[in-house]
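[1] Generate coordinates for the sequence data below:
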Amino acid sequence: MQLRRSTLAITGGVVSLSLLATACGGGATKLPTINGAGATFPAAAYQRWAQDYAAATGNQVNYQSVGSGAGVRQFLAGSVDFGATDEQLSAEDFQKEAAGKRGAVQIPMLGGTIPVAYNNPNCPDLKLTQAQVADIFLGKITDWQELGCPAGKITVAHRSDGSGTTFAFTNSLACFSAEWKDKVGVGKAVDWPVGVGGKGNEGVAGVIQNTPGSIGYLNQAFVRGNIKAAALQNKEGNFVMADEKSGAAALNGITLDERLGGEDCNPAGADSFPIAAFTWILAYQSGYGAENAEAVRTFLKWALQDGPQATAAELGYVPIKGDVLKRALAEIEKIKE
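    Modelled structure (predicted):
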């Protein structure tokens with residue numbers, strides 16, 4: 001899938017989207033500015049949406065790409081208008097701090113794949129079994145020759161911060177490998193057996209981009225330049241590339257609960273990519289005041305329209321459709337004053 005590089009100018013560990021209102025005629029914003037923080041996984045889409053939303057409506061959205069862990073903490077502390085996470089909130093989180101006092105909704109905004117990405121021009125068509133993926137990140141496979149490529153040291157790249165992308169990736173590794181499940185486990189942050197850490201998807205992409213012979217995991221939207229994605233073996237034994245089709249096949253098999261949370265560590269289906277996840281925006285049900293509540297509702301409903309979702313698909317994400325879309329829109333209506 002072709003990526004619009006001009007829309008992906010994301011540098012460093014934090015993306016701050018502070019966009020001036022550009023309504024037709026240059027008038028003042030119609031709704032208050034809203035501020036959010038969280039997952040780096042959807043940051044490329046949220047950045048583009050903020051730009052397009054400002055141009056279309058004159059309203060401003062600021063988003064800091066600080067990672068799911070930090071985003072959830074800020075949301076629970078009540079210091080943002082919305083949070084963003086790639087790991088669903090726990091039942092306990094819904095009762096904590098600001099979420100417990102004000103009520104919380106969890107809205108799936110996009111889906112996405114998490115490919116194993118690498119920088120090795122001598123190995124252009126890498127295919128990895130699920131066991132090989134786990135063994136690379138366990139440090140058991142250390143040379144490219146073990147993967148059928150010309151010999152050379154493998155440098156593993158992983159997240160250094162608390163991350164929903166890491167949760168989804170390690171959740172799949174635990175399904176791929178009993179050894180991974182026993183020795184490392186699943187979480188937003190884990191004790192990595194090997195590798196070099198980078199903050200955010202941006203940081204991991206930077207490590208891979210600048211380190212020949214490296215391999216790591218990141219959102220499909222960050223696979224560009226000399227970063228290539230490997231074909232991964234899925235549950236049915238087929239080797240598939242991460243794209244909108246394989247991501248949709250995987251996500252369509254995930255059953256969401258009453259709070260619209262859900263995951264599958266190794267989706268079934270001949271065309272499914274084996275590591276795929278939803279990404280959510282977290283909002284409060286009350287405590288905004290009328291204008292701020294309207295600003296949050298308006299932006300979220302706008303982002304779930306066909307146009308913004310199609311734009312996200314161009315960036316490498318999987319649009320929200322069908323029953324999930326209907327349920328997401330219904331959840332937004334729970335956001336009151």
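[2] Just give me the neighbour total for the closest residue in space to Ala44 that isn't next to it in sequence.
    With Cβ to Cβ, 6 or more residues apart in numbering as the criterion, Ala44 has its nearest non-adjacent residue at 4.3 Å, and that residue is Ala221. Glycine gets a C-beta too; all of them are placed from N, C-alpha and C. Ala221 is flanked by 27 other residues according to other Cβ atoms under 10 Å.
[3] Ala221 should be in a helix, yeah?
    Yes: under DSSP: H, G, I helix; E, B strand; the rest coil, Ala221 sits within a helix.
[4] ranges for the helices of the stretch 201-337 of the chain?
    Assigned by DSSP state H, counting those that start in this stretch, the helices in the stretch 201-337 of the chain fall at 244-251, 290-303, 306-314, 322-332.
[5] Among those helices, which comes closest to Asn120?
    Judged by Cβ to Cβ, the one of the helices of the stretch 201-337 of the chain that comes nearest to Asn120 is helix 244-251, at 22.2 Å.
[6] buried ones in that closest one?
    Residues 244, 246-251 are the ones in helix 244-251 that count as buried (16 or more other Cβ atoms under 10 Å).
[7] repeat for stretch 166-175
    Of the residues in stretch 166-175, 166-175 count as buried by neighbour count, 16+ other Cβ under 10 Å.
[8] Show which residues not belonging to it make contact with it.
    Residues outside stretch 166-175 that contact it (Cβ atoms under 8 Å, 6 or more residues apart in numbering) are 68, 86-87, 114, 133-134, 137, 158-159, 180-181, 184-190, 217, 263, 265-266, 274-277.
[9] 6 Å instead?
    Contact with stretch 166-175 is made by 86-87, 114, 134, 159, 180-181, 186, 188, 190, 217, 265-266, 275, 277, as judged by Cβ atoms under 6 Å, 6 or more residues apart in numbering.
[10] Disregarding residues adjacent in the polypeptide, which is nearest to Ala56?
    Trp302 (7.8 Å).
[11] That neighbour: neighbouring residues, count only.
    Neighbours around Trp302, by other Cβ under 10 Å: 17.
[12] For Ala330, see how far away it is.
    Separation of Trp302 from Ala330 (Cβ to Cβ, to the nearest Å): 16 Å.
[13] what's across from Thr155 in the sheet?
    Beta bridges link Thr155 to Ser214, judged by DSSP bridges.
[14] how about it, what does it touch?
    Contacts for Thr155 (Cβ under 6 Å, 6+ apart) come out as 211, 213-214.
[15] Could you pick out the buried ones from these?
    Among these, the ones that count as buried by 16+ other Cβ under 10 Å are 213-214.
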